[in-house]
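Chemist: The sequence and its predicted three-dimensional model are supplied below.
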Number of protein chains: 2
Amino acid sequence: MTSSPFRSSCPINLGLEVFGDKWTLLIIRDMMFAGKRHFREFLTSDEGISTNILADRLAMLTRVGIVTRAGDPSHRLKAIYSLTEKGIQLLPVIAQISRWSRSHMPVDPTLAITGEARDRAGPDAVEAQMVALRAMHLGTGS
Amino acid sequence: MTSSPFRSSCPINLGLEVFGDKWTLLIIRDMMFAGKRHFREFLTSDEGISTNILADRLAMLTRVGIVTRAGDPSHRLKAIYSLTEKGIQLLPVIAQISRWSRSHMPVDPTLAITGEARDRAGPDAVEAQMVALRAMHLGTGS
DNA sequence: GCAATCGATTGCATTTTGCAATCATTTGGA
DNA sequence: TCCAAATGATTGCAAAATGCAATCGATTGC
């Protein structure tokens, strides 16, 4: 009766149970680097996510508190997805994946520019970008 | 005829195409933190990977150059799996996932100790552990 | 010999994914 | 007012991946 929904409570495993698939982090990436906030926008990325997978992942991300969903004040049909602090703190994970791939995989040089600049700017660059994401996705603050 | 085997050449995506699943990084984790090198050892982890998935992932990791396979000199049947430099450099990714989970998921405190100690020790701790992994997995060096 | 152990494969039911078509609702313009 | 376009999804269905147990041939240790 008291069985956990997780395979184990290891930190690595718990992360993988949330974003250990081929699509979830790409959605977060698009919110962070491409400023995407609407359902249709995520469909335009190069990898070509399909609508059912996207809907499923957005619902999951909302359920686990990485993303929030709100109605667009100007278009009643439109939904606006925002990152929570929990989601913004995935940036260091994504930055580290980027670093590994740029060292070991055949990345497109154009798509590597953002990550290279972040690395050149030093360790504070990730923090700075998280500050910017908070301004965009969390309340305006005073 | 010249189509890429990848969905895109984005750094984030290329990383996910290699380790974007629920099992691959757990195998790497076990090699890094539990010192596991033999097929049977990986089967004893809490998450309970099955033999066909394990065989599939070990073959894939070998194929992409994250792991090498060698025969055990003392037991002809035994295979010894080692991390390559490409594999060792996944430690920063794993450390970052651990950090996120320890902040945002219900991790087992006992299993969090290693990561907490690494964080307390400062940024050099990851580098130091990579040095140790090189000593264990790459040639002895002179 | 012979049981135990090695890495790995097979068979099969279940689940997840990929892909296209479609949905009901709302918006914007004529 | 009407109607096409756009919104966030859902559905149907084939294909692929996964989970699980049984099993494989080869080798080791006794």
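Modeler: Noted; the coordinates are in hand.
Chemist: low-scoring pLDDT stretches of chain A, where are they?
Modeler: Judged against pLDDT under 70, the low-scoring parts of chain A cover residues A:1-2, A:140-142.
Chemist: residue boundaries of the strands in it?
Modeler: With DSSP state E as the criterion, chain A has strands at A:67-71, A:79-83.
Chemist: Give me the residues contacting stretch A:121-137.
Modeler: Stretch A:121-137 has contacts (Cβ atoms under 8 Å, 6 or more residues apart in numbering or on different chains) with A:31-32, A:35, A:82-85, A:87-89, A:91-92, A:95, A:117-119, A:141, B:123. Bear in mind the C-beta positions are built from the backbone N, C-alpha and C, glycine included.
Chemist: that older thread, save the strands of chain A as JSON lines, and put in mean neighbour count too.
Modeler: Putting the strands of chain A into JSON lines (neighbours: other Cβ atoms under 10 Å in any protein chain shown) gives the following:
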{"stretch": "strand A:67-71", "mean neighbour count": "14"}
{"stretch": "strand A:79-83", "mean neighbour count": "18"}
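Chemist: Dump those strands to JSON lines, plus distance to A:Met136.
Modeler: JSON lines is the format used below for the strands of chain A (distance: least, Cβ to Cβ, whole Å):
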{"stretch": "strand A:67-71", "distance to A:Met136": "13"}
{"stretch": "strand A:79-83", "distance to A:Met136": "8"}
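Chemist: what's the closest of the ones you listed to DNA strand D?
Modeler: With distances scored as Cβ to the nearest atom of the strand, the stretch of the strands of chain A nearest to DNA strand D is strand A:79-83 (3.9 Å).
Chemist: Starting from that closest one, tell me which strands it pairs with and how they run.
Modeler: The partner list of strand A:79-83 in its sheet, established with DSSP bridges, is strand A:67-71 (antiparallel).
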